[in-house]
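In: Fold the following for me, if possible:
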Amino acid sequence: MSHVSKRFEHAARMWGRDVDKFVESAINGFGSSMFIMGLYYRKPNWAWPRWLRQQLDPNGRGFEPAQLMPFRNVHFKDWGMVGTVQGVNEAVIDPAMLFVTRRNVAFEVWVYDGSRLYTPGLRGSFRQYLERPGYPVIINEWDLGVVKVIARSTVASRSGVDVLVIDLRLIGLPGNYIVYLVTRPYNVDHVVEVGSVGVEGDGWFITVNGELALTTDREPSQFGSYNVNRDASEDAAFGRLNGELYVNDELGWAHAALGFNAVINGSNEWRLRVKAPIDSLRNTWHNRALVKSVSDNDIMNELRNWDAINERSLSISIGNSVIGDILRQSMANLVMLWDGGRITPGPLIYHLFWIRDGSYMATALTMLNLVEMGKAVIEELLRRIDPTGYFKAVDFDVREYDANGQVLWAVSKYVQLTKDYDMLRRWYSVIRRGVEWLEMNREVAGDESIRGLLPPSWSAEDTGPMDHHYWDDMWAIAGLRELGKVLREINHEDYEWVIKLHNEFTDALINSINVVRSRLGIDYIVPAPERVADSAMTRVIAVVWPTMALPLDNPLVRRTLEVTEELYGLNGGVVNTHQWGTYGSYLTMNLAHSWAILGDRERVSKYLMWIVNHASPTYGWAEGISIITERGGQGDEPHGWAAADFIMLIRDLVINDLFETPTLFRGMPLDLLRRGVTASNVSTIYGFVKSVSAFMRGNEFVINYEGLGKPVGVGQYELLIDSPVTPKEVQCDGCKYEVMTGNIVRVMHGGKFTIRILG
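Out: Down below sits the predicted model:
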């Protein structure tokens, strides 16, 4: 583009973007924000989303100056999600009762009491919570003082179509009210463009862009369709709608509303059921009839599907802590985001398949005992290989060279957990091409600090501009190491080649780190040879978890974690300033996990407390957590990677199988052990553990264990216990033991034992 400045061209190159697309995106984003800003200032009394009003309210905690154009949700991403076990799409529900079934299909509830219109953006207090962790049922409460709106949202499936089912209740002072259901040209994340809406009298459906948006089990008393010239809230403020059936709006502000007479007499309540297709459905008679036919039986059938998932999955409970409930809902979130093989890190803006997120999520699904789901994701990862052997990181064109290592890691973890060596052999031709790509794409020239590393890439977007990110090489090391382990198990001829390549990557990484350390005069690892310490340090944490790219006794490892804490630790979380400007939810989990591997219970306790305290009301996390509001501030919610990381963190605090011998309670905070820990259905690379429980009373530590361990003879297994008390006396029923250095107790057992350690 001749009219683009050289600075703009260079910026596009630094960030690995096509300059034309870079310009187009910037111009369109600026223009859309200017349009919304102008509209907001001309029509401030319209029904704007609560998140937008809070960001423009100078008294609000998330206030942003208007010139920063806060017309995207950057401080209040704490919405919940509901979906089916087998479905592709999910619905998201904001605590302020904004229901979103697709990016451009969203609706909310308004209440008119005869003199005043109540909209979520302006009035009332809100509460959102799960009816039961592990199930897709969310309760919303909107308290207006005189009345309260309560919504129970769940899902059903009919003929392969997923439907959001909302049971609304209006309770409060006796009177005649009007309840409005109104589609909106915005969702929980940003303002969207809606070109046309309509109201179908045949079944009383609202349509958006020719697709079915919602219907109800009651006939409305009024209806209307609107464009940018007049918002429905202007009419609803007088208890009426315009009666228009259809409207088009080239500016994208089309919306429609249904109004219902709601009478509360004495102690009774008024009810309304809303059905909203989550999947895209054209406005046809057949599809309208299908949505209308969704019944309580369909809801119950779907809940039974969730019963089956919960019965067989990993379960961990910790005293009166919510950790077990969060873990169970993290499992549910992964299952909802699983799309029959493809898996997405979010239900809305991240509803795409990324190799990076998918690798974590596939591994967590397998650890949860949802093996077929994990396997399906692995096969999707392998389908992403291109003719060169590079695993295409995402569905758009971007260079993320962590991808190949992550695929090898996820495949190998699946095989280790399932012992499915037949699938390894079936997949191996693709796997080998991925290894060859790693071998052929190392730097062979240039500065000594980059030789042997992977080329510059965009890596994970929060690492900043394209450089030789160590994150990519750490993943190559992890993937090759884990692949080598499973190849050794089947005596594969490529074992020595893979391990040789692993060692070469490790040597190249160590050499580069040492060159850079000498150049900068430091005693820790920076994110890339081109960098000094910056917030991409929050990715270098990966040197421990999840890659374990360097030996844990290397002093650089612990020092790098410490420097990351010193520079980017804040109030118990870690902050990423590149791209995000927020706390990192799963980055903080990575740090907690790393300290757990190193056995530092106090640090694990600190970061785990932050993680739990920053979960949303429905037990999820956005990718980034706003430093200002401490609610979701970056990415999608609930984020699949965060859910997967939390599952793996809590599971490893109970049983860690990353070492040569499985280790119980490595890094588990003392506070949690004193509350009592119980786990069941735990899959490890050493075999299945039916149950394990532990509790502390004073200086007494007691463990009950039933399951396998590292085989050391016929019917004999070995494991280690990282005791929170220094053993002075040990009593063991069903096992032999040996007290080792550092409070470690080595146990030999036949599959079941009880041990009491007195400190």
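In: M466 contacts M14, doesn't it?
Out: Yes. Here M466 reaches M14: they are 6.4 Å apart, a contact under CB atoms under 8 Å. To be clear about C-beta, it is placed using only N, CA and C from the backbone, and glycine gets the same treatment.
In: More neighbours: the two, which one.
Out: More crowded of M466 and M14, by other CB atoms under 10 Å: M466, with 21 against 14.
In: And that one, how close does it get to N297?
Out: Here the criterion is CB to CB, to the nearest Å. By it, M466 lies 54 Å from N297.
In: center of the chain, which residue is that?
Out: H639 (1.6 Å; CA atoms, centre = their mean).
In: I figured it hits P347, correct?
Out: No. With contacts counted by CB under 8 Å, H639 stays clear of P347, the gap being 9.7 Å.
In: low-confidence ranges in this structure?
Out: For the chain, the stretches flagged by pLDDT under 70 are 1-2.
In: In it, where's the longest helix?
Out: In terms of residue count, the longest helix belonging to the chain (DSSP state H) is helix 495-520.
In: contacting residues for I522?
Out: Contacts for I522 (CB atoms under 8 Å, 6 or more residues apart in numbering) come out as V516, A533.
In: if I've got this straight, it is in a helix?
Out: No. Membership of I522 in a helix is not supported by DSSP: H, G, I helix; E, B strand; the rest coil, which gives coil.
In: Angles on the backbone of it, please.
Out: phi -120, psi 170 (degrees, to the nearest 10).
In: so how far is Y360 from it?
Out: For I522, the distance to Y360 - CB to CB - is 30 Å.
In: what about P724, helix or strand, and which?
Out: Using DSSP states H and E, P724 maps to neither a helix nor a strand.
In: rewinding a little: spatially nearest residue to the residue nearest to the centre of the chain (excluding sequence neighbours)?
Out: E623 (4.7 Å; CB to CB, 6 or more residues apart in numbering).
In: isn't the one you found right up against Q634?
Out: Yes. Using CB under 8 Å, E623 makes contact with Q634 at a distance of 5.1 Å.
In: Settle it for me: which of these two has more neighbours?
Out: Set E623 next to Q634 and count neighbours by other CB under 10 Å: E623 wins out with 29 against 22.
In: who's in contact with that one?
Out: Neighbouring residues of E623 by CB under 8 Å, 6+ apart: 345-346, 350, 580, 584-586, 634-636, 639, 641-642.
In: Inside strands: which ones of these?
Out: Residues of these located in strands (DSSP state E): G584, Q634.
In: of the contacts of E623, closest to L649?
Out: Of all those, L649 sits closest to Y586, with 9.4 Å by CB to CB.
In: The closest one: what's it in contact with?
Out: W621, E623, H639, W641, A642, D645, F646.
In: follow-up on the earlier one: can you list the contacts of E623 in TSV and add distance to L370?
Out: Converted to TSV, the contacts of E623 look like this (distance: CB to CB, whole Å):
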residue	distance to L370
P345	17
G346	19
Y350	21
W580	30
G584	26
S585	22
Y586	20
Q634	28
G635	24
D636	21
H639	19
W641	17
A642	18
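In: What is the nearest of the contacts of E623 to E302?
Out: Of the contacts of E623, the one sitting nearest to E302 (CB to CB) turns out to be G346, at 21.5 Å.
In: Run a quick neighbour tally on that closest one.
Out: Count around G346 with other CB under 10 Å applied: 28.
In: coming back round to it: please point out which parts of the longest helix of the chain sit buried.
Out: For helix 495-520, the neighbour count (16 or more other CB atoms under 10 Å) marks 495, 497-499, 501-502, 504-506, 508-510, 512-513, 515-516 as buried.
In: Check stretch 577-597 too.
Out: 578-597.
In: Dump the biggest strand by length in the chain to PDB, keeping only the CA atoms.
Out: Ordering each strand of the chain by length in residues (DSSP E) puts strand 744-758 first. Extracted in PDB, the C-alpha atoms of strand 744-758 (Å, rounded to 0.1, in the frame of the first residue of the first chain):
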ATOM      1  CA  ILE A 744      10.000 -37.900  51.400                       C
ATOM      2  CA  VAL A 745       8.500 -41.300  52.300                       C
ATOM      3  CA  ARG A 746       9.000 -44.200  49.800                       C
ATOM      4  CA  VAL A 747       6.100 -46.700  49.900                       C
ATOM      5  CA  MET A 748       6.000 -50.200  48.500                       C
ATOM      6  CA  HIS A 749       2.400 -51.600  48.300                       C
ATOM      7  CA  GLY A 750       0.200 -54.200  46.700                       C
ATOM      8  CA  GLY A 751      -2.500 -51.900  45.500                       C
ATOM      9  CA  LYS A 752      -4.100 -50.700  48.800                       C
ATOM     10  CA  PHE A 753      -2.600 -49.300  52.000                       C
ATOM     11  CA  THR A 754      -3.100 -46.900  54.900                       C
ATOM     12  CA  ILE A 755      -0.200 -44.900  56.300                       C
ATOM     13  CA  ARG A 756       0.100 -42.700  59.300                       C
ATOM     14  CA  ILE A 757       3.100 -40.300  59.600                       C
ATOM     15  CA  LEU A 758       3.700 -38.700  62.900                       C
END
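In: surely N209 meets G195?
Out: Yes. Here N209 reaches G195: they are 5.8 Å apart, a contact under CB under 8 Å.
In: And the helices in the stretch 351-500 of the chain, which stretches?
Out: For the stretch 351-500 of the chain, helices defined by DSSP state H, counting those that start in this stretch occupy the ranges 355-367, 371-383, 403-418, 421-440, 470-489, 495-520.
In: Out of the ones you listed, the one nearest P456 is which?
Out: Using CB to CB, the nearest of the helices of the stretch 351-500 of the chain to P456 is helix 470-489, at 9.2 Å.
In: Now do the closest one against helix 355-367, angle only.
Out: Orientation check (axes from the mean of the first three to the mean of the last three CA atoms, to 10 degrees): helix 470-489 against helix 355-367 gives 40 degrees.
In: buried stuff in helix 470-489?
Out: Buried residues in helix 470-489, counted by 16+ other CB under 10 Å: 470-487.
In: how far does it sit from the chain's center?
Out: Helix 470-489 has its C-alpha centroid displaced from the chain centroid by 24 Å (CA atoms, centre = their mean, to the nearest Å).
In: OK, contacts around L327?
Out: So L327 contacts L314, S315, I316, F646, I647, I650 (CB under 8 Å, 6+ apart).
In: May I see those arranged in TSV, with neighbour count and distance to D217 as well?
Out: Supplementary listing: the contacts of L327 in TSV, determined by neighbours: other CB atoms under 10 Å; distance: CB to CB, whole Å:
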residue	neighbour count	distance to D217
L314	22	39
S315	20	37
I316	22	40
F646	30	38
I647	28	38
I650	27	41
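In: Next, give me the two most distant ones among those.
Out: S315 and F646 (14.3 Å).
In: and the longest helix of the chain, what other elements does it pack with?
Out: Counting contacts by 3 or more CB pairs under 8 Å, 6 or more residues apart in numbering; DSSP states H and E, helix 495-520 is packed against helix 421-440, helix 470-489.
In: and the next helix or strand after it, which residues are buried?
Out: Note on helix 495-520: by DSSP H and E, the next helix or strand toward the C-terminus is helix 537-540. By neighbour count with 16+ other CB under 10 Å, helix 537-540 contains the buried residues M537, T538, R539, V540.
In: got the contact list for helix 537-540?
Out: 459-460, 462-463, 469-471, 525-527, 560, 563-564, 567-568, 574-576, 584, 587, 590-591.
In: neighbours around T754, how many?
Out: Neighbours of T754 (other CB under 10 Å): 16.
In: How about P347?
Out: By the criterion of other CB under 10 Å, P347 has 28 neighbours.
In: thinking it is in contact with G87, fair?
Out: No. With contact defined as CB under 8 Å, P347 does not count as touching G87 (10.7 Å).
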